[in-house]
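Q: Need coordinates for the following:
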Amino acid sequence: MQMEAKDKAYLKELADAVEQHLLGQVQVTPETRRQAAVIEAMRYSLEAGGKRIRPVLVLEFCRICGGTQEQAMAAACAIEMIHTFSLIHDDLPEMDNDDFRRGRPSCHKAFGHAVALQAGDALSVAAFETILKDRCQTPERKIQLLEILANATGAAGMVGGQMMDMAYETRSDVTLEEQLAMCRAKTGALISGACCLGCTAAGGTEEQQELAAQYGEKLGLAFQMVDDILDVTSSTDVLGKPVGSDAEEGKTTFVTLLGLDGARREAARLTAEAEQILQQFPHHAFLTALTQELLTREK
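A: Below is the predicted model:
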């Protein structure tokens with residue numbers, strides 16, 4: 001089912017708002033002119049675009065929990081900085097060794113290995129600084145937001161998930177349970193964290209926080225399953241990055257564990273459950289449409 005034109009327009013509006021604020025946070029100033037090389041590499045990777053799903057989730061969960069875009073924007077920019085830092089590092093030769101990202105050279109190909117490494121590190125720090133400097137939130141709420149971001153990013157979240165993924169690359173006996181645990185951390189933690197950041201930015205209830213976390217976990221798993229499916233069924237021209245590398249490297253994916261049809265069925269089941277959770281929030285129509293769009297996306 002295709003997302004309606006009004007929903008696509010609204011999604012673009014949200015992504016454009018994030019883009020404007022995001023790039024405003026990362027620019028060369030008279031005080032940082034000597035660090036221009038690393039800042040330009042940071043901007044290069046941020047400007048590559050992408051779906052901006054994580055910051056959109058922050059903004060929308062804040063809205064449906066009764067908050068404003070202004071209250072959520074710093075957290076939205078922060079989660080996209082973390083996501084972009086992870087992509088810069090993922091593309092390095094020590095990790096996934098990808099030369100292209102979103103249709104153009106990866107950061108380390110455009111700026112060199114050392115600069116790309118520093119750009120990723122700097123974005124990871126800038127994310128926390130962005131929340132700390134936010135003038136819309138109280139100190140107490142900033143601490144809550146920082147805790148969510150740290151948990152989603154660190155050893156228990158995205159970074160730990162990436163380490164699990166690398167360890168599994170040398171194994172041919174990875175189980176479905178292990179694959180699910182890895183993806184809950186590597187992909188799901190930031191997506192679930194984005195939902196919780198939005199909820200917290202609005203001052204949402206504990207019940208809303210729990211529902212947001214559950215929705216994000218299911219969406220994160222479905223999102224990764226669709227990624228695995230596209231690596232088999234899509235093309236480099238469509239995705240803007242190499243496809244088929246998982247199979248070439250003998251990497252375990254949801255497609256190898258469940259089969260192509262099985263992965264599609266499981267992604268659809270998780271998506272349906274995520275949509276059911278959204279029913280418990282007011283004004284959820286756009287998020288429901290977005291959830292369905294992510295299941296049927298082509299890139």
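Q: What's the local residue count around residue 139?
A: Per other Cβ atoms under 10 Å, the neighbour tally for residue 139 reads 7. Using the backbone N, CA and C atoms, a C-beta is placed for each residue, glycine as well.
Q: cool, and residue 251?
A: Residues lying near residue 251 (other Cβ under 10 Å) number 18.
Q: and what of the one 4 residues further on?
A: Burial measure for residue 255: 22 neighbouring residues, criterion other Cβ under 10 Å.
Q: now the one 10 residues further on
A: Neighbours of residue 265 under the rule other Cβ under 10 Å: 13.
Q: Can you give me the distance of it to residue 214?
A: Look at residue 265 and residue 214: by Cβ to Cβ, to the nearest Å, they are 20 Å apart.
Q: Same check on residue 54?
A: Relative to residue 214, residue 54 is positioned 17 Å away (Cβ to Cβ).
Q: Same check on residue 292?
A: Residue 292 sits 18 Å away from residue 214, going by Cβ to Cβ.
Q: cool, residue 287 as well?
A: Applying Cβ to Cβ, the value for residue 287 to residue 214 is 14 Å.
Q: of those two, who's got more company?
A: Each of residue 287 and residue 214 has its neighbours counted (other Cβ under 10 Å); residue 287 has more, 24 against 17.
Q: Could you say which helix or strand holds the more buried one?
A: Taking DSSP states H and E as the criterion, the element that holds residue 287 is helix 285-296.
Q: neighbouring contacts of that helix?
A: With Cβ atoms under 8 Å, 6 or more residues apart in numbering as the contact definition, helix 285-296 has outside contacts at 1-4, 7, 10-11, 53, 56-57, 60-61, 64, 219, 222-223, 226, 267-268, 271, 274-275, 278, 281.
Q: Now the buried members of those.
A: When neighbours are counted using 16 or more other Cβ atoms under 10 Å, the contacts of helix 285-296 contain these buried positions: 3, 7, 10-11, 53, 56-57, 60-61, 64, 219, 222-223, 226, 267-268, 271, 274-275, 278, 281.
Q: list the contacts for residue 193?
A: 79, 148, 149, 151, 152, 153, 157, 216.
Q: Max pairwise distance over the residues you listed: which two?
A: Pairwise distances among the contacts of residue 193 were taken by Cβ to Cβ; the largest, 14.3 Å, belongs to 153 and 216.
Q: out of these two, which sits in the busier spot?
A: Using other Cβ under 10 Å, the more surrounded residue of residue 153 and residue 216 is residue 216, with 29 against 24.
Q: part of a strand, is the more buried one?
A: No. Secondary structure of residue 216 (DSSP: H, G, I helix; E, B strand; the rest coil): helix, not part of a strand.
Q: and stretch 274-294, how far apart are its ends?
A: By Cα to Cα, to the nearest Å, the extent of stretch 274-294 from end to end equals 12 Å.
Q: Now do the buried residues in it.
A: Counting neighbours by 16+ other Cβ under 10 Å, one finds that the buried residues in stretch 274-294 are 274-275, 277-278, 281, 284, 286-294.
Q: Over to stretch 142-154?
A: Residues of stretch 142-154 classed as buried: 142, 144, 145, 146, 148, 149, 151, 152, 153 (neighbour count, 16+ other Cβ under 10 Å).
Q: Need the residues that contact stretch 32-46.
A: Identification of contacts with stretch 32-46 by Cβ under 8 Å, 6+ apart yields 22-23, 26-28, 80-81, 84, 87-88, 101, 107, 110-111, 115-116, 118-119, 122-123, 126.
Q: cool, stretch 125-134 as well?
A: Residues from elsewhere that reach stretch 125-134, judged by Cβ under 8 Å, 6+ apart: 25-26, 42, 74-75, 77-79, 81-82, 85, 137, 142, 145-146, 149-150, 153.
Q: Let's see the host helix or strand of residue 131 as CSV, backbone CA atoms only.
A: Element membership for residue 131, per DSSP H and E: helix 113-132. As requested, the backbone C-alpha atoms of helix 113-132 are provided in CSV (Å, rounded to 0.1, in the frame of the first residue of the first chain):
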residue,chain,number,x,y,z
HIS,A,113,40.3,7.1,6.5
ALA,A,114,41.7,9.2,9.4
VAL,A,115,39.4,12.1,8.8
ALA,A,116,36.3,9.9,8.4
LEU,A,117,37.1,8.2,11.8
GLN,A,118,37.4,11.6,13.5
ALA,A,119,34.2,12.8,11.8
GLY,A,120,32.3,9.9,13.2
ASP,A,121,33.7,10.4,16.6
ALA,A,122,32.9,14.2,16.5
LEU,A,123,29.3,13.5,15.5
SER,A,124,28.9,11.1,18.4
VAL,A,125,29.9,13.9,20.8
ALA,A,126,28.0,16.6,19.0
ALA,A,127,24.8,14.6,19.5
PHE,A,128,25.0,14.9,23.3
GLU,A,129,26.1,18.5,23.1
THR,A,130,23.0,19.3,21.0
ILE,A,131,20.7,18.1,23.8
LEU,A,132,22.7,19.8,26.5
